[in-house]
Structure formats: structure tokens, C-alpha cells
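**Q** this one's sequence-less:
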């Protein structure tokens, strides 16, 4: 293996000076280099957008799938890229029970035939609800989640890179000042 000792020492020195600068800024013993006002405004807007988007996704999923256990199960199936299990909605369960009760009372009786009709409509409503939940997930929450996972992650990485460059820039000025005073 070819070790370039000068490069290793230079990189270690740069990393150490970044840590020192960050520590001094956090402790208040060093003046923090101010970022451009326009950049600060953009960063605040990006943070606000990220926070609100996360809240919207969470709350939309809570409305669409009220059972937290089902939400977690769906999330896990989504991450392992398997088809999530098809579960009946509460309306469908109610409809099934009503149809069974109507058949037990007899479809020829007024009460039995009413239970069967209402039960069938409950099942249709439940199916429509499941279809709506699926399409809302595909058309609304997935694009928002994709935005958070791609664009927002890129923005955060870029900001981190800018912060690193800022510390390197500040430290190079400090080194130049130190060398100028020594001369």
C-alpha cells in the first residue's frame, strides 16, 4: 500500500482545524462567519417545507389508516418491497356481519332483507374506501415521501457541504493571519 504521509497529515490538520473552529463558534469564543441573507432565508424555507411536509404525510396516513399497527405493517411491507396484505375495512366487516345476520333471520322477512341490503351497501362502501386509501397513498403521500427522501436529502447534504467549506475557508483565513503576524 502506498501511504502518502503528507496528505494524511494535511487532511488530519484540516479536520482538526474544522473541529476547533466549530467548537469555538459553539462556545462563543470565536466569531461565526455570517452566511448570505438570501441563503439563510432559503434554508429557513427549506426547513419549514420539510417539517410541514413530514407532518402532512404523517397526518394523512393517520386519517387514511387510523390503526397505528396497520400503518407500521404497511410501512415495513413497503420497505421490503413486498405486496402488503389486503385487509378488509371496518365497513366491509360490518357489511359481512349484516348479511350473515340477514340470512340468519331469513331473506323473506322485512328485518332480514333490510339487513342484507344494508350489508351489501356497507361492503360496497368499504371497497370504495379501500380504493380511495390506495389511490390517495399512490397519488398524494408517495410523491411527498419521495420529495422528502430525494430532494430534501440533497438539500441537507448541500448545506452540510457548504458548512464544511465555510469552516475550511474561515480556518484558511486564520492560518494566513497567523503567518502574517509571525513574519
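**A** On my side now, so go ahead. From a predicted model like this one, the values you see are computed outputs, not experimental measurements.
**Q** for this structure, what spans make up the helices?
**A** According to DSSP state H, the chain carries its helices in the segments 5-27, 37-64, 68-79, 90-105, 110-136, 142-147, 153-182.
**Q** list of residues touching the fourth one?
**A** Which is helix 90-105. Applying CB atoms under 8 Å, 6 or more residues apart in numbering, the external contacts of helix 90-105 come out as 88, 111-127, 129-130. Every C-beta, even on glycine, is put in place using the N, C-alpha and C of the backbone.
**Q** which residues touch the closest residue to residue 78 other than its chain neighbours?
**A** Ranked by CB to CB, 6 or more residues apart in numbering and with sequence neighbours excluded, the top spatial neighbour of residue 78 is residue 84, at 7.0 Å. Listed by CB under 8 Å, 6+ apart, the contact set of residue 84 reads 73-74, 77-78.
**Q** which among these end up buried?
**A** With burial judged by 16 or more other CB atoms under 10 Å, the buried subset of these is residue 74.
**Q** could you export the contacts of residue 84 as JSON lines, including distance to residue 57?
**A** Putting the contacts of residue 84 into JSON lines (distance: CB to CB, whole Å) gives the following:
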{"residue": "73", "distance to residue 57": "17"}
{"residue": "74", "distance to residue 57": "13"}
{"residue": "77", "distance to residue 57": "17"}
{"residue": "78", "distance to residue 57": "13"}
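**Q** now do the same for residue 15: its pLDDT.
**A** Per-residue confidence (pLDDT) for residue 15: 73.
**Q** which residues sit in contact with it?
**A** Applying CB under 8 Å, 6+ apart, no residues contact residue 15.
**Q** next one: it from residue 9, what distance?
**A** Here the distance between residue 15 and residue 9 works out to 11 Å (CB to CB, to the nearest Å).
**Q** not counting its neighbours along the chain, what's nearest residue 116?
**A** Using CB to CB, 6+ apart and skipping the chain neighbours, the partner closest in space to residue 116 is residue 102 (3.6 Å).
**Q** what is the neighbour count of the one you found?
**A** Around residue 102 sit 21 other residues, with neighbours defined as other CB atoms under 10 Å.
**Q** got a pLDDT number for the nearest residue to residue 50 once chain neighbours are set aside?
**A** The shortest distance from residue 50 to any non-neighbouring residue, by CB to CB, 6+ apart, is to residue 152 (5.0 Å). Predicted confidence (pLDDT) for residue 152: 93.
**Q** show me the contacts for the nearest residue to residue 106 once chain neighbours are set aside.
**A** Nearest residue to residue 106, sequence neighbours excluded (CB to CB, 6+ apart): residue 112, at 4.6 Å. Going by CB under 8 Å, 6+ apart, residue 112 touches 101-106.
**Q** ok, and the most crowded of those?
**A** Busiest of the contacts of residue 112 [other CB under 10 Å] is residue 102, holding 21 neighbours.
**Q** find the nearest non-adjacent residue to residue 148, please.
**A** That would be residue 53: by CB to CB, 6+ apart, it lies 5.9 Å from residue 148.
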